[in-house]
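**Q** Here is my input, please return the structure:
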Amino acid sequence: MTFADRYRRLASYAGADSDPGDPGQVLAMPVVLRIEKNEPPERASLLAAAATAVAQLCLDPRTDPTPDPDAAGGDPTGEDRRAGTQPGPWAQALDDWCDARIRKIARRARGAQWDAAGEVDGVTAEVGGARARAIVPGPVGAVDKRIARLQIGGTDVPGELEGADGRGDGAVSLWVNPDLEMTTGKLAAQVGHGSMLAVKLMTLDAARDWYDRGCPCRVRQTDAVRWQALLYAEASQGSVAVRDAGFTEIAPGSVTVIATL
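**A** From the prediction side, this is the model:
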């Protein structure tokens, strides 16, 4: 494997400033939320599952980029690079997506729809009985029919987010802006952004350990005082903020989620 390359892809993520001229060529990662009608999942668990699935997909060996022999640092022993030189089957999709804006689109699935979504390339995570599947990103105009038919609306589920940070268990904490109203689907995309950007806060060894433990995440609510402290911490690389492009629900540039270790 070339975990060091997968790590660098996220740790150095910058993204693009603009979208392609053809709307159908805009790149996005679908995030499928399993929401059964009679037994909907608990909100915090579903959001944590979405964040975990995104991180697991971004660090999956099938996304291995072609190793760059001139890349500095990150893999001092050379162990990863000696393991292979061929890119993974999802490498180009992740490379292209990470060169664009990190756009995600959450969709709802239940029953046979969820089973069909499981046949599309991606990674499923389960947290507290809630399940979400991150799908390999691609052009929005060419989404697999099994995903395209899923509804984007109707993703709200019951439950409250806890406020305790729970540090010490090795999970990434994803703090939600207390001043924004977001649907569960919108927030699922935002915490997915946060979980992949959280790798910027990790060393290579820490990221490898986090991945080996399943990329655990927790989604937490915060108050105005703590939110300001989290924003200030970004300057010293103690946190990383998700700033939304403003295409749906909220104003452009809004900070939606802040990730901490």
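
**Q** Find the centremost residue of this structure, please.
**A** Nearest to the geometric centre of the chain sits G192, at 2.7 Å (CA atoms, centre = their mean).

**Q** ok but it is inside a helix, no?
**A** Yes - assessed with DSSP: H, G, I helix; E, B strand; the rest coil, G192 lies in a helix.

**Q** Would you agree it is in contact with T52?
**A** No - with contact defined as CB atoms under 8 Å, G192 does not reach T52; the gap is 9.1 Å. For glycine as for every other residue, the C-beta is placed from the backbone atoms N, C-alpha and C.

**Q** okay, and for this protein, where does confidence drop off?
**A** Scanning the chain for pLDDT under 70 picks out the ranges 1, 66-85, 165-168, 246.

**Q** where along it do the helices fall?
**A** For the chain, applying DSSP state H gives helices covering 3-11, 43-58, 79-82, 91-98, 112-117, 145-148, 184-197, 204-212, 224-233.

**Q** okay, those in TSV with distance to A125 next?
**A** Putting these into TSV (distance: least, CB to CB, whole Å) gives the following:
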stretch	distance to A125
helix 3-11	17
helix 43-58	4
helix 79-82	24
helix 91-98	17
helix 112-117	13
helix 145-148	17
helix 184-197	10
helix 204-212	12
helix 224-233	24
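
**Q** Those: which one's closest to S254?
**A** Smallest distance to S254 across those (CB to CB): 9.7 Å, for helix 184-197.

**Q** residues contacting the closest residue to K104 other than its chain neighbours?
**A** In this structure, K104 finds its nearest non-sequential neighbour in A189, 4.0 Å apart by CB to CB, 6 or more residues apart in numbering. Taking CB atoms under 8 Å, 6 or more residues apart in numbering, we find A189 in contact with V31, A50, K104, I105, A106.
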